[in-house]
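Colleague: here you go, sequence then predicted model.
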Amino acid sequence: MDAALRSVGVLLAGGVGQRVGHEIPKQLIEVAGRTILEHSIAVFEQAPEIDEIVVLMTPGFTDRVKDIVANGGHRKVTRIVEGGRSRTESTWRALRALGTQECDVLLHDAVRPLLEPRIITECVAALRTHRAVNVAIPSSDTVLVAVPGPDGEVIGEVLDRSRLRRSQTPQCFRLSVIREAYERALADPGFAERPATDDCGVVLRYLPEVPIHLVPGSERNIKVTHPDDLRIAEQLFAIKGSIS
């Protein structure tokens, strides 16, 4: 495949932060001296493999992102777009903003600020030979399938842990692949009733013939979702700073 395609990092920052317990979007909460969003922007800004960055932001907060980008000197950020009401709507808005010219797209949860540069490098390299790539780590926990019992849930199945992976981001695609998957999804009346929880889920459902290659993730690549995650992220940044 053509290795000359540009690589675009898309930061999905459309959440509102209700579960983390703050009034402002969680991606604007400060951790280790910077907002979570700026930590994520900086990882992509500093990655030599990334040519440009697009940020999808919660409606009403795009001006704050413009200030962060200007003050931080993040020159790779080319577009700041208002996010949608859901993850899938935000992704579709990002894809429309990118246009139709082929490129490699790395879709990343902006609230995963501890993404390692190694993961970006391996994802971009994988896209030279694969059209879809996901980041994942082995499951350290046994996963159960619960089924209804006579007075509550009971175990219906114990899944084979050796085959289970915990999905992370970035999730990466040729633009033409993820666009086609979303076009098929949005044309499907049943998609709104049973939406995918992530972008790989859209490709898997609507383009099942496209294999999704796996790149090893990291236990540090946490998603800040709950209040305890903020404390964990702060501690991880402190450890990172002490050994850098």
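Modeller: Looks like it arrived, so ask away.

Colleague: do you know how far the residue of the chain most remote from its centre is from residue 113?
Modeller: Farthest-out residue of the chain from its mean C-alpha position, per CA atoms, centre = their mean: residue 150, at 39.3 Å. Taking CB to CB, to the nearest Å as the measure, residue 150 falls 45 Å from residue 113. To be clear about C-beta, it is placed using only N, CA and C from the backbone, and glycine gets the same treatment.

Colleague: repeat that for residue 34.
Modeller: For residue 34, the distance to residue 113 - CB to CB - is 8 Å.

Colleague: who has more neighbours out of those two?
Modeller: Neighbour totals were compared for residue 34 and residue 113, and residue 113 leads with 26 against 16 (other CB atoms under 10 Å).

Colleague: buried ones in the helix-or-strand element of the chain with minimal mean pLDDT?
Modeller: Among the helical and strand segments of the chain, the one scoring lowest on mean pLDDT, DSSP states H and E is helix 227-243, with a mean of 89. Across helix 227-243, burial judged by 16 or more other CB atoms under 10 Å covers 229-230, 233, 236-237.

Colleague: tell me what it is packed against?
Modeller: Under the contact criterion of 3 or more CB pairs under 8 Å, 6 or more residues apart in numbering; DSSP states H and E, helix 227-243 touches strand 30-31.

Colleague: okay, now the sheet partners of the strand it packs on, with direction.
Modeller: If you go by DSSP bridges, strand 30-31 pairs up with strand 34-35 (antiparallel).

Colleague: whatever helix or strand comes next after the strand it pairs with: how far from the chain's middle?
Modeller: Sequence-wise, the next helix or strand downstream of strand 34-35 (DSSP states H and E) is helix 36-46. In this view, helix 36-46 has its centroid 13 Å away from the chain centroid, taken as CA atoms, centre = their mean, to the nearest Å.

Colleague: helix 36-46 - what's its average pLDDT?
Modeller: Average pLDDT, helix 36-46: 98.

Colleague: for it, which helices and strands make contact with it?
Modeller: Judged by 3+ CB pairs under 8 Å, 6+ apart, helix 36-46 is in contact with strand 7-13, strand 52-57, helix 62-72, strand 104-109, helix 117-126.

Colleague: if we ignore the residues flanking it in sequence, what's nearest residue 233?
Modeller: residue 31 (5.0 Å; CB to CB, 6 or more residues apart in numbering).

Colleague: give me the element residue 156 is part of.
Modeller: Per DSSP H and E: residue 156 is located in strand 152-158.

Colleague: ok now that strand, how far from the chain's centre?
Modeller: How far strand 152-158 lies from its chain's middle: 31 Å, per CA atoms, centre = their mean.

Colleague: can you point out the buried residues in it?
Modeller: Residues of strand 152-158 include none that count as buried (16+ other CB under 10 Å).

Colleague: what packs against it?
Modeller: If you count contacts as 3+ CB pairs under 8 Å, 6+ apart, strand 152-158 packs onto strand 144-149.

Colleague: angle of the strand it packs on against strand 152-158?
Modeller: 140 degrees (axes from the mean of the first three to the mean of the last three CA atoms, to 10 degrees).

Colleague: tell me which strands strand 144-149 pairs with, and in which orientation.
Modeller: Counting by DSSP bridges, strand 144-149 is paired with strand 152-158 (antiparallel).
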